[in-house]
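Chemist: Sequence first, then the predicted structure, then my questions.
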Amino acid sequence: MPLYERLTRIGMTSTEVRIPVHSFMAAIAELKRGKCVMADLVTAFGLSAGEQTEVTTLLGKIIQRTEFFTLGGYVVLTNIQSAYDGSNAQRGCGFATLDLTGVTSIDLAIEVNKLGSGTQSWQLWNETDASEIGVINDAAGTGNKLLTASYGSLALVGVKRIRMRPKSTVNTDDPIYYGTAGQLHRLNTLTGVELHDILMLAERQLLPPLDTVADVKARLGV
């Protein structure tokens with residue numbers, strides 16, 4: 001039977017098995033978080049091949065939770081210097097204070113006008129811990145450009161002050177920095193909605209392994 005009839009009861013007969021919407025949405029949330037696979041939903045709700053296709057289509061309509069940040073704005077970096085923080089202008093490329101607990105990856109987009117002949121580096125700097133999160137080294141030609149990078153396998157915990165730090169192998173280069181936009185991806189933290197979903201799935205025993213207290217605590221990460 002088509003998925004939406006089972007979810008809405010529209011056109012169902014008394015012998016057909018409905019899918020409880022609340023339970024279905026909880027299972028979808030766990031699937032989107034990577035905590036279960038489609039086969040678990042097939043077992044839990046008895047999905048046919050056609051219903052699995054409909055679930056896949058539905059998943060494509062649900063936006064994955066991400067968070068956005070920006071760093072700085074227009075700065076002319078006259079004589080940029082060959083070391084990070086070698087000039088006051090370098091420190092003007094923007095900062096943000098973010099809770100990075102549970103962040104597993106960060107996507108960056110940096111807009112610059114490359115002026116000069118050196119390799120220009122744009123570093124995402126964790127000032128709180130004095131450590132580099134990632135860097136883009138631009139050895140290509142001059143001109144306006146959008147530099148992009150993704151940094152994964154991160155294990156950051158707590159509130160951090162992050163900054164964009166530039167430098168060049170030629171300290172007389174004069175790039176123009178327009179700004180940075182970034183995305184934080186959290187896969188292992190919980191909102192109140194997700195907590196509710198996990199507890200409900202455990203109560204109704206729909207998606208294994210959630211049949212012991214230890215299993216539930218492991219899923220919650222506590």
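Modeler: Sure, I can see it. All values reported here derive from a predicted model rather than from experimental measurement.
Chemist: Could I get the full set of strands for the chain?
Modeler: 66-71, 75-76, 95-99, 103-114, 120-126, 131-138, 143-151, 159-168, 176-186 (DSSP state E).
Chemist: can you list these in CSV and add mean pLDDT and mean neighbour count?
Modeler: Just so you know, the C-beta spots here come from the backbone N, C-alpha and C atoms, and that holds for glycine as well. Listed next are those as CSV, based on pLDDT from 0 to 100; neighbours: other C-beta atoms under 10 Å:
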stretch, mean pLDDT, mean neighbour count
strand 66-71, 89, 13
strand 75-76, 96, 16
strand 95-99, 94, 15
strand 103-114, 95, 19
strand 120-126, 97, 20
strand 131-138, 97, 15
strand 143-151, 97, 13
strand 159-168, 97, 21
strand 176-186, 94, 19
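Chemist: need those in a markdown table with distance to Arg6, can you?
Modeler: A markdown table is the format used below for the strands of the chain (distance: least, C-beta to C-beta, whole Å):
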| stretch | distance to Arg6 |
| --- | --- |
| strand 66-71 | 31 |
| strand 75-76 | 57 |
| strand 95-99 | 40 |
| strand 103-114 | 34 |
| strand 120-126 | 47 |
| strand 131-138 | 45 |
| strand 143-151 | 38 |
| strand 159-168 | 45 |
| strand 176-186 | 32 |
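Chemist: Out of the ones you listed, which gets nearest to His22?
Modeler: Closest of the strands of the chain to His22 is strand 176-186, at 23.9 Å (criterion: C-beta to C-beta).
Chemist: Not counting its neighbours along the chain, what's nearest the residue sitting nearest the centre point of the chain?
Modeler: What sits nearest the mean C-alpha location of the chain, by C-alpha atoms, centre = their mean, is His185, with 1.5 Å. Excluding the flanking residues, the one nearest His185 by C-beta to C-beta, 6 or more residues apart in numbering is Ser105, at 4.6 Å.
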